[in-house]
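Engineer: Provided below for reference: sequence and predicted model.
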Amino acid sequence: MTIKYSEDHEWITVEGDVGTIGITDHAQSQLGDIVFVELPEVGSSVEAGGDAGVVESVKAASDLFTPVSGEIVEVNGALEAEPNLANTDPMGDGWFFKVKLSDTAELDGLMDEAGYKAFIAD
C-alpha cells in the first residue's frame, strides 16, 4: 500500500477510489497531547487543501486539512472517545476520515515517504 504525504502533514493511503487520511507522526509530535478532534460530517464534500476539521492539543488548536477532493464516506468515531489515538497510533488506529476521491490525479501532487522526510528535515 502506498502512502502519500501533504505539506500540511497529513498522510493518505488509497484502496480503490477511497482514501484514508490522518496526521503524520511528525504532526502529532509537534502538537503534543491531543485532547479533542472535530471531524467532518459523512456525506460532506471536501476540496484538496481545504479545512476538514479541527485538532486541539494541550498546546494549540489546529485546522485539519484534506490532501484530496471528494466526499467523506466514513469518520473514525473512536477519536471522539479517545482523541489521543492520534498520538499513540497516528498512522494506524488514529486515522481521521475516509474520502471517496473525485480526482485521483490530485495524488500526483503529494509527496512520497522520502520526499516527506526531506520536507520535515528542513
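Structural biologist: Arrived safely, thanks for sending.
Engineer: which parts of the lengthiest helix in the chain are buried?
Structural biologist: For the chain, the longest helix by residue count, based on DSSP state H, is helix 113-121. Residues Tyr116 are the ones in helix 113-121 that count as buried (16 or more other C-beta atoms under 10 Å). Bear in mind the C-beta positions are built from the backbone N, C-alpha and C, glycine included.
Engineer: what does stretch 10-21 give?
Structural biologist: In stretch 10-21, counting by 16+ other C-beta under 10 Å, buried: 10-14, 19-21.
Engineer: can you list the low-confidence ranges for the protein?
Structural biologist: Counting by pLDDT under 70, the chain shows low-confidence ranges at 1.
Engineer: all strands for it, in order.
Structural biologist: Per DSSP state E, the chain carries strands over the ranges 3-5, 10-15, 18-23, 34-38, 45-46, 51-57, 61-65, 70-75, 97-101.
Engineer: what residues does the last one touch?
Structural biologist: Translated: strand 97-101. Strand 97-101 is touched from outside by 14, 17-21, 39-40, 46, 52-53, 66, 68-76, 107, with contacts defined as C-beta atoms under 8 Å, 6 or more residues apart in numbering.
Engineer: just the buried subset of these, please.
Structural biologist: 14, 19-21, 39-40, 46, 52-53, 66, 68-72, 75-76, 107.
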